[in-house]
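>>> when you get a sec, could you give me coordinates for this:
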Amino acid sequence: MRRMTSGDRPDRIEIRALRVVGTHGLLPEEQVRGQPFELDLDVEADLTAAGRTDDLDGSVDYGEVVERAVAIVAGRSHRLLEALAEGIAAAVLADTRVTSVSVGVRKLRPPLAADLGSVGVRITRSRR
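Residues are numbered from 1 along each chain as shown. Below is the predicted model:
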């Protein structure tokens with residue numbers, strides 16, 4: 001079996017299109033009226049043990065990652081999507097097996113007078 005080199009991408013768990021209702025935004029009505037958000041998460045961790053043993057203890061439980069992200073979005077209001085993404089990243093990095101996380105947050109119904117599907121941000125944070 002080939003070992004990973006520095007030029008290879010690390011192992012990751014991908015979570016796509018997680019939809020959660022939250023109250024985030026600059027406008028006062030956005031901070032009280034729930035609106036849909038969509039998340040994409042790329043969680044980097046060493047998954048070698050899980051692949052070899054077929055045991056969840058050797059991996060990061062994506063169910064727990066989802067629960068942490070949902071709790072942040074459904075929790076206290078943030079004015080900016082950037083702050084919401086930071087909160088999600090910090091919650092995911094609380095699992096010491098996670099080395100890095102990329103968080104994409106999209107607001108699916110932004111209060112703009114334009115025909116667009118969503119607005120969003122993507123951040124990547126690593127354990128230091």
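>>> what is the burial count for L116?
L116: 8 surrounding residues under other Cβ atoms under 10 Å. Every residue, glycine included, has its C-beta placed from N, CA and C.
>>> list the contacts for it?
With contacts defined as Cβ atoms under 8 Å, 6 or more residues apart in numbering, L116 is in contact with P110.
>>> give me the number of residues near the closest residue to V21 other than its chain neighbours?
Spatial nearest neighbour of V21, excluding adjacent residues (Cβ to Cβ, 6 or more residues apart in numbering): G34 at 4.3 Å. Number of residues near G34 (other Cβ under 10 Å) recorded here: 12.
>>> same question for E30.
19.
>>> do the same with Y62
Neighbours of Y62 (other Cβ under 10 Å): 14.
>>> returning to what we had before: and the residue nearest to V21, what are its phi and psi?
Per-residue torsions, G34: phi -60, psi 140 (degrees, to the nearest 10).
>>> quick one, grab the pLDDT at it.
Note on G34: pLDDT of 93.
>>> again with T99
Note on T99: pLDDT of 97.
>>> ok, now which ones touch the closest residue to G58 other than its chain neighbours?
Nearest non-adjacent residue to G58, counting by Cβ to Cβ, 6+ apart: A49, 3.0 Å away. Residues near A49 by Cβ under 8 Å, 6+ apart: 55, 57-59.
>>> noted, bye for now.
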